[in-house]
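K.L.:
below is the sequence, then the predicted model.
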Amino acid sequence: MSEQTPLMKVTIDGQFIEVPAGTTILQAARMIGKEVAPPAMCYYGKLEDTGGNCRTCMVEVSKGSDADPRPMPKLVASCRTTVMDGMVVGNKTSEKAVTAREGVVEFLLINHPLDCPVCDQAGECKLQDLGYEHGKEETRYEFKRRTFAPEDLGPNIQLHMNRCILCYRCVKTADQVTGCREHGVMHRGDHAEISTYLEKSLDNEFIGNIIDVCPVGALTDKTFRFKNRVWFLKPVDAHRDCPTCSGKTQVWFRGDEVFRVTARKNEWNEVEDWICNTCRFDKKETKDWVIEQPSMVSRDSVIRQGHYAGQVGNVTPNETFKRVMKGRDPKLLLNIHDISEVNEPEKDLSKINRPPTSQDYKD
Ligand code: SF4
Ligand code: SF4
Ligand code: FES
């Protein structure tokens, strides 16, 4: 007869749940739902031995367990602390946890550049979300930010170390998904940086996944970098018959032009299936893909704004004619593109291997 895993009762922000022994507080909170789940900048459900680096997930344990109800003396990293039977945890309801998180965000931003207007991660950046929810309005830091030159990690990935928060997700992904350790964190303390020692190129067929796991814009896709803003793109679930990976991806369109291909992510913004470099970097034509449906986009995402009616369904343009015509149909419609090329780019912008300039547009 198989042994049953004992269930542990835990209360997080006043919400009760029973979970199997060995579940972490963060996992238990995620089982309850987004409203109580602490933010996690380094933990990644698909990876082993993950978390414990960023401290954004800290919570207050006001009761350790039924057996020993004393509170834990310090805030704990919820991604690394397993629940005990009868445990009571405060996340958003704990003033101590919220104040500590504000401090963590302040530290994460100490050396962080003000790159959002030009950063590819903007619009899907967890550090932006954290800064918005927990950040201070101004910095107290008076020293020069540390800076690094951008570094090429192989032919398709560029590292902007200035934006890295040293979460170790990419290091663990490279270790565990590609099966060979190709880069890591060099040095320690404020000298610590992600690097390929001796500029070693990262050319494993699955290495592109480090771009998807990076919570900030430190690892960028060179085939997409600076080409567009994510909120102008429409993500769709698509697949192809790929001999290397599952071929199940998210393809990001603007009009009928494919701008980027990424792995599909779940509600915690974590990759569902690792995808290969060929799918990610080389398949940039509509004909390469079998399109399934518009992707589910989370309700609070900037990408969702105005793109879809409901979470899935047809792409519905914002119909303004009837509104401005007070419900009447127009008698005549002219397509400005038939008579003017003012907005026509000379080439497909997604095919240019650099930021587009005014030269890429006709006069
Ligand atoms: S990583 Fe996020 S917070 Fe940092 S510059 Fe890019 S978008 Fe802004
Ligand atoms: S490059 Fe990105 S994924 Fe890697 S440690 Fe830095 S922030 Fe984390
Ligand atoms: S998510 Fe727990 S320490 Fe980073």
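P.N.:
Received it, and whenever you're ready, just let me know what you need. Ligands and ions are numbered 1, 2, ... in the order given.
K.L.:
what's the burial count for residue 228?
P.N.:
Neighbourhood size, residue 228 [other C-beta atoms under 10 Å]: 18. Glycine gets a C-beta too; all of them are placed from N, C-alpha and C.
K.L.:
distance check, it against residue 254.
P.N.:
Per C-beta to C-beta, to the nearest Å, residue 228 is found 6 Å from residue 254.
K.L.:
once you drop chain neighbours, what's closest to residue 217?
P.N.:
residue 121 (3.1 Å; C-beta to C-beta, 6 or more residues apart in numbering).
K.L.:
shaky segments in this protein?
P.N.:
For the chain, applying pLDDT under 70 flags the ranges 1-3, 180-182, 196-201, 305-319, 333-363.
K.L.:
any idea which helix or strand carries residue 212?
P.N.:
helix 209-213 (DSSP states H and E).
K.L.:
strands of this structure, start to end?
P.N.:
Ranges of strands within the chain are 7-12, 15-20, 58-63, 76-77, 87-90, 151-152, 157-159, 184-186, 193-195, 219-221, 234-239, 248-254, 257-263, 290-294, based on DSSP state E.
K.L.:
just so I know, which of the ones you listed lies nearest residue 44?
P.N.:
strand 257-263 (12.4 Å; C-beta to C-beta).
K.L.:
what helices or strands is that closest one leaning on?
P.N.:
helix 209-213, strand 248-254 (3 or more C-beta pairs under 8 Å, 6 or more residues apart in numbering; DSSP states H and E).
K.L.:
show me what whichever helix or strand comes after it is in contact with.
P.N.:
Remark: after strand 257-263, the chain's next helix or strand is helix 277, criterion DSSP H and E. With C-beta atoms under 8 Å, 6 or more residues apart in numbering as the test, helix 277 has contacts from 156, 205, 206, 207, 208.
K.L.:
try it again at 7 Å.
P.N.:
156, 205, 207, 208 (C-beta atoms under 7 Å, 6 or more residues apart in numbering).
K.L.:
residue 252 versus the nearest residue to residue 289 once chain neighbours are set aside, what's the distance?
P.N.:
Among residues not flanking residue 289 along the chain, residue 238 sits closest, at 4.0 Å (C-beta to C-beta, 6+ apart). Computed as C-beta to C-beta, the residue 238 to residue 252 distance reads 10 Å.
K.L.:
ok, residue 174 next?
P.N.:
24 Å.
K.L.:
how far does stretch 240-251 sit from the chain's center?
P.N.:
20 Å (C-alpha atoms, centre = their mean, to the nearest Å).
K.L.:
contact residues of this protein facing ligand 1?
P.N.:
112, 115, 116, 119, 121, 122, 125, 127, 128, 163, 216, 217 (C-beta under 6 Å from any ligand atom).
K.L.:
what about the residue lying closest to the first one once chain neighbours are set aside, neighbour count?
P.N.:
Spelled out, it's residue 112. Spatially, and ignoring its direct neighbours in sequence, residue 112 is nearest to residue 163 (6.5 Å; C-beta to C-beta, 6+ apart). If you count neighbours by other C-beta under 10 Å, residue 163 ends up with 23.
K.L.:
ditto for the one 4 residues further on
P.N.:
For residue 167, the tally of surrounding residues (other C-beta under 10 Å) stands at 26.
K.L.:
what's near enough to touch the residue nearest to it when sequence neighbours are not counted?
P.N.:
The shortest distance from residue 167 to any non-neighbouring residue, by C-beta to C-beta, 6+ apart, is to residue 42 (3.8 Å). Counting by C-beta under 7 Å, 6+ apart, residue 42 touches 50, 51, 53, 54, 167, 168, 169.
K.L.:
quick one, phi/psi of the spatially most central residue of the chain?
P.N.:
Central residue of the chain (C-alpha atoms, centre = their mean): residue 215, 4.8 Å from the mean position. Per-residue torsions, residue 215: phi -80, psi -10 (degrees, to the nearest 10).
K.L.:
can you count the residues close to residue 176?
P.N.:
15.
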